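Generate coordinates for the sequence data below:
(chains A and B)
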Amino acid sequence: RKEVEQDPGPFNVPEGATVAFNCTYSNSASQSFFWYRQDCRKEPKLLMSVYSSGNEDGRFTAQLNRASQYISLLIRDSKLSDSATYLCVVDPRGYALNFGKGTSLLVTP
Amino acid sequence: NAGVTQTPKFQVLKTGQSMTLQCAQDMNHNSMYWYRQDPGMGLRLIYYSASEGTTDKGEVPNGYNVSRLNKREFSLRLESAAPSQTSVYFCASSASDTNTIYFGEGSWLTVV
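Next up, the predicted model:
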């Protein structure tokens, strides 16, 4: 059983829309949480870390809910360039990161 | 900045052939990783190395061997390639104190 679960999507949204993804994790001892972005046929790249108090980076907001063991990513005012796969990453052990399978987002004109 | 560099980018192998994927990082990171990514399966950890001189199995190590040659280099070897090893392979590295992971551009491997 995968330790990190994501809805694979695809999420199809129009430009300017707000979209949110959730990711659940199974290990309550998890300490580090991240969102990565992966473009088609490219390597994953760090989008943002997720902090306990929640954090924002421009149009992107990440939240952590330890009680329910999930993290979320909110994208406001979606752009065509936001089209990508978003990977949830959880690190309970410090060595090997656990990646979700990713959520596919397609922003349409 | 080079970051994580892996070679080759594309390779076609025949079943039973062997090959080594090379990876090097110039960020002075202690930890290095090899992942494979398959459609519908997401990224899966093959092997990792927490520091120079140590290696550990990940989620899917069967059919692979690794060598942490020095702090910079971490190679992945397929001794006898099988069609099930057709995949995209990513090398990655991270500093011990941040857990932020940086990936190479990937190696597309096809075994026929």
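
what number of residues lie near residue 105?
Picking chain A for this. Number of residues near residue A:105 (other C-beta atoms under 10 Å in any protein chain shown) recorded here: 21. To be clear about C-beta, it is placed using only N, CA and C from the backbone, and glycine gets the same treatment.

Chain B, not that one
Residue B:105: 15 neighbours (other C-beta under 10 Å).

what's the nearest residue to the closest residue to chain B within chain A if we skip its chain neighbours?
Relative to chain B, the nearest point of chain A is residue A:101 (3.4 Å; C-beta to the nearest C-beta). Spatial nearest neighbour of residue A:101, excluding adjacent residues (C-beta to C-beta, 6 or more residues apart in numbering or on different chains): residue B:42 at 3.4 Å.

Show me what that neighbour bridges to in the sheet.
For residue B:42, the beta-bridge partners are residue B:38 (DSSP bridges).

Count the residues that sit near the residue nearest to residue B:105 when sequence neighbours are not counted.
Spatial nearest neighbour of residue B:105, excluding adjacent residues (C-beta to C-beta, 6+ apart): residue A:43 at 5.4 Å. Using other C-beta under 10 Å, residue A:43 has 21 other residues around it.

Quick one: residues contacting residue A:43.
Applying C-beta atoms under 8 Å, 6 or more residues apart in numbering or on different chains, we find residue A:43 in contact with B:90, B:103-106.

residues from chain A in reach of chain B?
Counting by C-beta under 8 Å from any C-beta of the partner chain, the positions of chain A adjacent to chain B are A:2, A:32, A:34, A:41-46, A:49, A:87, A:89, A:91, A:94-97, A:99-102.
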